[in-house]
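Enquirer: This is a predicted model, with the sequence first.
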Amino acid sequence: MDFLDTAAKFVTGFFDQPPRVMIVLGLVLFGWVIKKSTLISDRFIPVLLPALGILLFPLVLGSSGKDIARAAAEGFVGGALAVWLNQLYKQMFVGDSEDPAIASKLFSMLKPKP
């Protein structure tokens, strides 16, 4: 089995179980809460979410033995995915101060033409 087959199985298998998706969504929400609070600096969020994923995935999925390493790796990927989803949302729909109308541009491109 080559690397691409292994990577494809990992990615497709990642979303096979609903707990994985729920943990990722929970990490996105947790990152948003941290962003809104003043307790932790925003620069630590991209480090904190994968670390939290590494801790949560083995606990929630009930991993033991060799499965702990795999669940920890999935947790890291899940935390990184949470950071990526947040950035994707901000860059696609919120925009920045230079171009605040990026969401309306995107929706106008998707609108069917008569």
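Expert: On my side now, so go ahead. Numbers count the residues shown, from 1 in each chain.

Enquirer: Give me the buried positions along the helix ranked longest in the chain.
Expert: Ordering each helix of the chain by length in residues (DSSP state H) puts helix 67-89 first. Buried residues in helix 67-89, counting neighbours by 16 or more other Cβ atoms under 10 Å, are found at 71-72, 74-83, 86. Backbone N, C-alpha and C define where each C-beta goes, glycine included.

Enquirer: just curious, which of the residues you listed is nearest to Leu49?
Expert: Gly79 (4.0 Å; Cβ to Cβ).

Enquirer: Hmm, Leu55 and the closest one touching each other?
Expert: No - contact between Gly79 and Leu55 fails when scored by Cβ atoms under 8 Å: they sit 9.5 Å apart.

Enquirer: re earlier: give the other helices and strands that the longest helix of the chain contacts.
Expert: helix 3-14, helix 18-36, helix 45-61 (3 or more Cβ pairs under 8 Å, 6 or more residues apart in numbering; DSSP states H and E).

Enquirer: Dump the ones you listed to a markdown table, plus mean pLDDT and mean neighbour count.
Expert: Formatted as a markdown table, the helices and strands packed on helix 67-89 follow (pLDDT from 0 to 100; neighbours: other Cβ atoms under 10 Å):
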| stretch | mean pLDDT | mean neighbour count |
| --- | --- | --- |
| helix 3-14 | 68 | 10 |
| helix 18-36 | 86 | 16 |
| helix 45-61 | 89 | 18 |
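
Enquirer: In a markdown table, list those along with distance to Asp67.
Expert: Below are the helices and strands packed on helix 67-89 laid out as a markdown table (distance: least, Cβ to Cβ, whole Å):
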| stretch | distance to Asp67 |
| --- | --- |
| helix 3-14 | 13 |
| helix 18-36 | 14 |
| helix 45-61 | 8 |
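
Enquirer: To Lys90, which of those lies closest?
Expert: helix 18-36 (10.2 Å).
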